[in-house]
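Trainee: what's the 3D shape of this:
(chains A and B)
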2 protein chains.
Amino acid sequence: MKKGLLLVISGPAGSGKGTVNAHLLKREDFEYSVSATTRAPRPGEVDGVNYHYITKEDFLCRIERGEMLEYTEYCGNYYGTPLKEAEDVLHSGKNLILEIEVEGARNVKAKYPDAVLVMLLPPSYAVQEQRLRGRGTESEQKILERLARAKEEIYCANDYDYVVYNHDGKDAEAAEQILSIISAEHCAVSRNKRIAEDYLGI
Amino acid sequence: MKKGLLLVISGPAGSGKGTVNAHLLKREDFEYSVSATTRAPRPGEVDGVNYHYITKEDFLCRIERGEMLEYTEYCGNYYGTPLKEAEDVLHSGKNLILEIEVEGARNVKAKYPDAVLVMLLPPSYAVQEQRLRGRGTESEQKILERLARAKEEIYCANDYDYVVYNHDGKDAEAAEQILSIISAEHCAVSRNKRIAEDYLGI
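Mentor: Reported below is the predicted structural model:
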């Protein structure tokens, strides 16, 4: 059984990464991992489905033991991906999608260099601005904050392996592009150490 | 206009690289380059279509001036790819296919590091042997020579970027796999130096 690939997808607000990931997750060869969190379950959330709900003590202990692939603290709660959860998916032969921010992506690559890092972008900053304003759901203040952040984070694209552009109404094509990347990476010589031996059956 | 990619395809006898390349060349975004040779045209061959027929003096002079992307000597004649011919194709935005042997491939990568090197293989040495014997067109001696060579050259796969397997009757799939590789390489951050600048329009 060939191991799956760890696919890290990041993208600024307006990149449409939720929609693109949904396309990928429809496929049988893609899986997501259930994150762990220290925050309390909200009404209707199920342990092991929405999150693994664990105590702060347990979470910090796991960080200490190197058992978290990545994690972040937000509003006093911890969120992260248990390494074991991720490895179970990869060993089943499925590709695992992690939708995380640029800092988390950098940490994953450091901890798991085999990860494939994809930055999903709107076609341009101008289109990103249009999309954020077009939503009509956020305050001007919030939009300006998001745009300012995008302007900074675009330079982080250079830390990624691939950049994929999500053009208006073309999220299925962006998903196809990511599938091509995964398909190519599975053929990469750098990932296949026993080409000659396997070929010759030795 | 985005530059095309230089795609180098190598494969042992029985890998089916001729058929796979024919699939790729049916596409509008793929092109081959006309080689130069010092051998005389055979009846029916056309200058600039089958080959560029040039004198040995001219050929050696071009090598000297670094104007050949790769070349080889065979039975006293030279064969090679003029650099200008290749660059014209790439600058037109088309991907250029070079079907060459492992030594030539290594030389191309040294001269043109942006090249994408793909090794096409039968699924295994056992299948390769079946295919060569199945043809029924070559002497036992010739078959043994080819197999011995394949056993040596399989270790060169490690110098390539990608390995693609051509399963029986699946050459269209092998071509699709190569298309995925080209599609992924076009998105590689290492090939796109101005991601942030282009995004921000600066």
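Trainee: drop to CA atoms for contacts and neighbour counts, all remaining ones
Mentor: OK.
Trainee: now do the strands in chain A.
Mentor: Assigned by DSSP state E, the strands in chain A fall at A:6-10, A:30-32, A:36-37, A:52-53, A:68-74, A:77-82, A:95-99, A:116-121, A:162-165.
Trainee: ok, the nearest residue to residue A:199 once chain neighbours are set aside - how many residues close by?
Mentor: Nearest non-adjacent residue to residue A:199, counting by C-alpha to C-alpha, 6 or more residues apart in numbering or on different chains: residue B:124, 4.7 Å away. Residues contacting residue B:124 under the criterion other C-alpha atoms under 10 Å in any protein chain shown number 19.
Trainee: thinking again about what came up before, among the strands of chain A, which comes closest to residue B:174?
Mentor: The closest approach between residue B:174 and any of those, judged by C-alpha to C-alpha, belongs to strand A:95-99 at 21.0 Å.
Trainee: partner strands of the closest one, with direction?
Mentor: In the sheet, strand A:95-99 lines up against strand A:6-10 (parallel), strand A:30-32 (parallel) (DSSP bridges).
Trainee: ranges for the helices of chain A?
Mentor: Assigned by DSSP state H, chain A shows helices spanning A:17-25, A:56-64, A:83-91, A:102-111, A:125-135, A:140-153, A:171-187, A:195-200.
Trainee: can you add mean pLDDT and distance to residue B:201 and give those helices back as CSV?
Mentor: Shown next, in CSV, are the helices of chain A (pLDDT from 0 to 100; distance: least, C-alpha to C-alpha, whole Å):
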stretch, mean pLDDT, distance to residue B:201
helix A:17-25, 93, 22
helix A:56-64, 96, 41
helix A:83-91, 92, 38
helix A:102-111, 90, 22
helix A:125-135, 92, 8
helix A:140-153, 91, 11
helix A:171-187, 97, 21
helix A:195-200, 96, 44
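Trainee: now render these as CSV, adding distance to residue B:184.
Mentor: Output for the helices of chain A, formatted as CSV (distance: least, C-alpha to C-alpha, whole Å):
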stretch, distance to residue B:184
helix A:17-25, 16
helix A:56-64, 34
helix A:83-91, 21
helix A:102-111, 19
helix A:125-135, 23
helix A:140-153, 22
helix A:171-187, 5
helix A:195-200, 22
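Trainee: okay, those helices, which one's buried deepest?
Mentor: Of the helices of chain A, the one with the most neighbours on average (mean count of other C-alpha atoms under 10 Å in any protein chain shown) is helix A:171-187, at a mean of 20.
Trainee: what is that one packed up against?
Mentor: Using 3 or more C-alpha pairs under 8 Å, 6 or more residues apart in numbering or on different chains; DSSP states H and E, the elements in contact with helix A:171-187 are helix A:17-25, strand A:162-165, strand B:162-165, helix B:171-187.
Trainee: so what sits opposite residue A:71 in the bridge?
Mentor: residue A:80.
Trainee: ok, it - contacts?
Mentor: Contact analysis of residue A:71 by C-alpha atoms under 8 Å, 6 or more residues apart in numbering or on different chains lists A:78-81, A:104.
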